[in-house]
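Peer 1: Have a look; sequence and predicted model below, questions after that.
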Amino acid sequence: MTLYMVQRCLFDHLRRLEAAGDGPRPEIVTEGYALTDEEKRAVTEPDIGAIYAMGAHPVIINGFCRALGYKRADYRPLLEQASGDTARRRTPWQKS
Amino acid sequence: MAEIVMAYSASHAPMMTADPGSAPREKADNFFSALEKVRDKAKETGVQAIVMMTGEHFTNFFLDGLPQVAIGLDEEHLGPPEVWLQVPKKMVPSDAGLAAHITASLIEQGQQPALSHGMKVDHGFMTVYYWLDPTMELPMVPVVLNCTTPPLMTTKQFWDFGVAIGNAIRSYDGLERVGLVAGGGLSHFVGEPRVGDIDEEFDRWFLDQLGRGDLSEILSVPNDVLAEAGNGTGEVRAWVALAAAMGSAPGHVLAYEAVYEWINGMGVVLYDGDQPAASQT
């Protein structure tokens, strides 16, 4: 429904994981969040590329990937694939 | 009145405490040696409390209410919430009188900090603070800055904020010797396709400006251009504010290493303490 709801769902999940400590890991909860079917699929599957493409905050993506046990090498390709070719802008600090 | 007897900026990559041995030995040693020099400076100056600025990581605030700047006002703050950080969990002492004075003074000077009780101090603070004082007894007033969620304050606005926070500290009569610390940066990319990259050209360009005490170049960089150096790199806003608080004094660049294992440009810049007439209006 809204990007905020996707992010809220992920954020609350991360807080539940934190609270669980070394105990049983809670499953992600989608009830109570106004999510479309595609959004529910993306957060439960999970589909990191789709979550990124929706515009989720990178700090949330970082935390979610870490919670999933992903290494950088695991999720960087997913994000690269989701972003496509993005041209970099010229910056004042670039020498080359 | 208080003097800012020491000030420094340092990167706060979580891996520096969570897994320091993952970095090449020489790079880690260079970075940590700089932090040891800072620790010696703190002992030498007899600093009584520090004020520390760092980026918010959704530890204390979320998208339902995210201030650009917030000040922790309690007598102590719990840190760190990250169990994997390899820093002991502890109620870190603060100086509530100093925190309240800074907040009031900032508002008088036209800034609008949010008031925060129950603030937690996450890796943004604790990685750097733990190296400064492993006993975690030195009072620390925490200040969190929004450095990652647009719309963001510009570097120029954080320069003005830094001038104001410097004035606020120096107008406090409850302590004599205060330290000012900035945590975060240098370049890093988090939760995005370039995760793991480090923009060494940016880091060296920025450190050169700090070393000269002339930040005019970065103060003219728009937010969207600054983001090209990394979506986590915006934490250098804290470094800009600290440089402003120190009145454009040249910083001593003690260390810089691009530590790819920590996905972070790691730097330390130390400033001399207050000189006569350092306070600005």
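Peer 2: Done, it's in. Numbers count the residues shown, from 1 in each chain, chains lettered A, B, ... in the order given.
Peer 1: Name the SS class of the spatially most central residue of chain B, please.
Peer 2: By C-alpha atoms, centre = their mean, chain B has its centre lying nearest to residue B:182, at 1.7 Å. Recorded secondary structure, residue B:182: strand (DSSP: H, G, I helix; E, B strand; the rest coil).
Peer 1: do you know how far it is from residue B:236?
Peer 2: Between residue B:182 and residue B:236 the distance, using C-beta to C-beta, to the nearest Å, works out to 8 Å. For every residue, glycine as well, the C-beta is placed using N, CA and C.
Peer 1: With residue B:74 instead?
Peer 2: On the measure of C-beta to C-beta, residue B:74 and residue B:236 end up 27 Å apart.
Peer 1: Looking at the two, which has the bigger crowd around it?
Peer 2: Taking other C-beta atoms under 10 Å in any protein chain shown, residue B:74 and residue B:236 do not tie; residue B:236 has more neighbours (32 against 18).
Peer 1: Show me what the stretch of helix or strand the more buried one belongs to is packed up against.
Peer 2: Taking DSSP states H and E as the definition, one finds residue B:236 inside helix B:236-245. With contacts defined as 3 or more C-beta pairs under 8 Å, 6 or more residues apart in numbering or on different chains; DSSP states H and E, the packing partners of helix B:236-245 are strand B:3-10, strand B:49-55, strand B:140-145, helix B:155-170, strand B:177-183, helix B:200-212, helix B:216-219, strand B:264-271.
Peer 1: Average pLDDT for the second one, rounded please.
Peer 2: The average of the pLDDT scores along strand B:49-55 is 98.
Peer 1: Count the residues that sit near residue 32.
Peer 2: This is for chain A. Neighbour tally, residue A:32, other C-beta under 10 Å: 10.
Peer 1: actually chain B
Peer 2: Counted with other C-beta under 10 Å, residue B:32 comes out at 17.
Peer 1: what does residue B:22 give?
Peer 2: 12.
Peer 1: Please apply the same query to residue B:216.
Peer 2: Other residues close to residue B:216 by other C-beta under 10 Å number 9.
Peer 1: Spatially nearest residue to it (excluding sequence neighbours)?
Peer 2: When the adjacent residues along the chain are set aside, residue B:216 lies closest to residue B:209, with 7.8 Å between them (C-beta to C-beta, 6 or more residues apart in numbering or on different chains).
Peer 1: Where does the prediction get shaky in the chain?
Peer 2: In the absence of a named chain, chain A is used. A:1 (pLDDT under 70).
Peer 1: Chain B is the one I meant
Peer 2: B:275-281.
Peer 1: Show me which residues of it are close to chain A?
Peer 2: B:57-58, B:62-64, B:81, B:83, B:148-149, B:190-193, B:195-196, B:199, B:201-202, B:205-206, B:217, B:221, B:225, B:228-229, B:231, B:263 (C-beta under 8 Å from any C-beta of the partner chain).
Peer 1: does the spatially most central residue of chain A count as helix, strand or coil?
Peer 2: In chain A, the residue lying closest to the centroid (C-alpha atoms, centre = their mean) is residue A:61, at 3.1 Å. Look at residue A:61: counting by three-state DSSP, its state is helix.
Peer 1: which residues does the nearest residue to it once chain neighbours are set aside contact?
Peer 2: Closest residue to residue A:61 apart from its sequence neighbours, by C-beta to C-beta, 6+ apart: residue B:191 at 3.6 Å. Counting by C-beta atoms under 8 Å, 6 or more residues apart in numbering or on different chains, residue B:191 touches A:52, A:57-63, A:65, A:79, B:231.
Peer 1: Kindly recompute the last result at 6 Å.
Peer 2: A:58, A:61-62 (C-beta atoms under 6 Å, 6 or more residues apart in numbering or on different chains).
Peer 1: so how far is residue A:75 from it?
Peer 2: Relative to residue A:75, residue B:191 is positioned 9 Å away (C-beta to C-beta).
Peer 1: ok, now residue B:38?
Peer 2: Taken as C-beta to C-beta, the span from residue B:38 to residue A:75 is 34 Å.
Peer 1: now swap in residue B:237 and tell me
Peer 2: Distance, residue B:237 to residue A:75, using C-beta to C-beta: 27 Å.
Peer 1: With neighbour numbers in mind, choose between the two.
Peer 2: Ranked by neighbour count (other C-beta under 10 Å), residue B:237 and residue A:75 place residue B:237 first, with 32 against 22.
Peer 1: right, and the more buried one touches residue B:147 too?
Peer 2: Yes: counting by C-beta atoms under 6 Å, residue B:237 does reach residue B:147; the two are 5.3 Å apart.
Peer 1: quick one on the thing from earlier: contacting residues around the residue nearest to the centre of chain B?
Peer 2: Going by C-beta under 6 Å, 6+ apart, residue B:182 touches B:9, B:53, B:238-239, B:242.
Peer 1: try 8 Å this time
Peer 2: Counted by C-beta under 8 Å, 6+ apart, residue B:182 has contacts B:8-10, B:52-54, B:238-239, B:241-242.
Peer 1: Which positions in chain A make contact with chain B?
Peer 2: A:4, A:7-8, A:11, A:18, A:21, A:52, A:57-63, A:65, A:72, A:75-76, A:79-80, A:82-83, A:86, A:88-89, A:91-96.
Peer 1: Name only those of these that count as buried.
Peer 2: Buried subset of the residues of chain A next to chain B (neighbour count, 16 or more other C-beta atoms under 10 Å in any protein chain shown): A:7-8, A:11, A:52, A:57-63, A:65, A:75-76, A:79-80, A:82, A:91, A:93.
Peer 1: Which of the residues you listed fall in helices?
Peer 2: A:7-8, A:11, A:52, A:58-63, A:65, A:75-76, A:79-80, A:82 (DSSP state H).
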